[in-house]
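Undergrad: Curious how this folds, go ahead:
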Amino acid sequence: MNKNLKKKNIQNLEFLPNKLNSILIGIMLGDGSISRTSNTSNCRFEMSFGFKYKDFAESIGALFKEFIKTPVKTIEIKSKCKTKTYTNFRLKTVSLPVFNYYFDMFYIFNIEKNKYVKIIPLNISELLDPVVLAYFIMTDGNFDKSRNRVRIYTNSYKLADVVKLALAINERLGIYAGVLHDRKNQWIITIGSKQFTLLRELVTPHFESSMLYRIGL
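TA: Down below sits the predicted model:
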């Protein structure tokens, strides 16, 4: 994949090629973010990873190596009480026109909040594939051993968006995904044990090995 990217002018890319497109969409459904410094500037993709996720962070860095100047960085973060220090890993791409496409896909301007807020893309049913779901679970999912289910933490999205995403998973991949009230006005997606055979068959080939525990493997 990256060999092909080297032959192209990255500055002229309208969107990412093939699998990398799905990878970024999956990450953006989860904890990924895209930022821009002004309305006229190009955007960049960035993501932070907890100290337990070094292998996953480095795998994402390798996938996007043509778009970054420096490898994944180690960041030392002090706790609020400043008595402890945590190690995180951070990835940032350079600002490029190609990321403007994904910014417009995932963000709308909220007049009340006077800022851009993240949404589920309007055409998520057209975008969803096994790669998207795999990276979505790796970034925002977890295996609930006590109830034998996969939970995907969509707490930051509105209920209508979460329902739309759950329906897309069902319609596009044949996996029933439930919507469950988590707390306050927050909702998560759950995938039960009856769906595990199909779920694992579809997403396991695209998982980074250290993250397989998130689907109970």
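Undergrad: Could I get the contacting residues of the residue most central in space within the chain?
TA: When the chain is reduced to its mean C-alpha position, the nearest residue by Cα atoms, centre = their mean turns out to be Ile27, at 1.6 Å. Contacts for Ile27 were tallied using Cβ atoms under 8 Å, 6 or more residues apart in numbering; they are Met47, Ile60, Tyr135, Phe136, Thr139. Every C-beta, even on glycine, is put in place using the N, C-alpha and C of the backbone.
Undergrad: For it, give me phi and psi.
TA: Recorded main-chain torsions at Ile27 are phi -60, psi -40, according to degrees, to the nearest 10.
Undergrad: For the lengthiest helix in the chain, list every residue counted as buried.
TA: Across the chain, the longest stretch assigned as helix under DSSP state H is helix 159-173. Buried positions in helix 159-173, judged by neighbour count with 16 or more other Cβ atoms under 10 Å: Asp161, Val162, Val163, Lys164, Leu165, Ala166, Ala168, Ile169, Asn170, Arg172, Leu173.
Undergrad: and the second one, what pLDDT?
TA: To tie it back to what came earlier, the one meant is Val162. If you check Val162, the pLDDT there is 97.
Undergrad: The last one too?
TA: For Leu173, the pLDDT comes out at 97.
Undergrad: what about Phe109, distance to Val117?
TA: Using Cβ to Cβ, to the nearest Å, Phe109 is found at 8 Å from Val117.
Undergrad: And those two? Which one has more around it.
TA: With neighbours defined as other Cβ atoms under 10 Å, Phe109 and Val117 compare such that Val117 has more, 14 against 10.
Undergrad: what sits opposite that one in the beta ladder?
TA: Beta bridges link Val117 to Ile108 when assigned by DSSP bridges.
Undergrad: Show me what the next helix or strand along the chain from the longest helix of the chain packs onto, helices and strands only.
TA: Beyond helix 159-173 on the C-terminal side, the first helix or strand identified by DSSP states H and E is strand 178-183. Applying 3 or more Cβ pairs under 8 Å, 6 or more residues apart in numbering; DSSP states H and E, we find strand 178-183 packed against helix 159-173, strand 186-192.
Undergrad: follow-up on the earlier one: what are the contacting residues of the longest helix of the chain?
TA: Outside helix 159-173, the residues that reach it (Cβ under 8 Å, 6+ apart) are 29, 119-120, 124-125, 128-130, 133, 154, 157, 175-179, 185, 187-189, 191, 198, 202.
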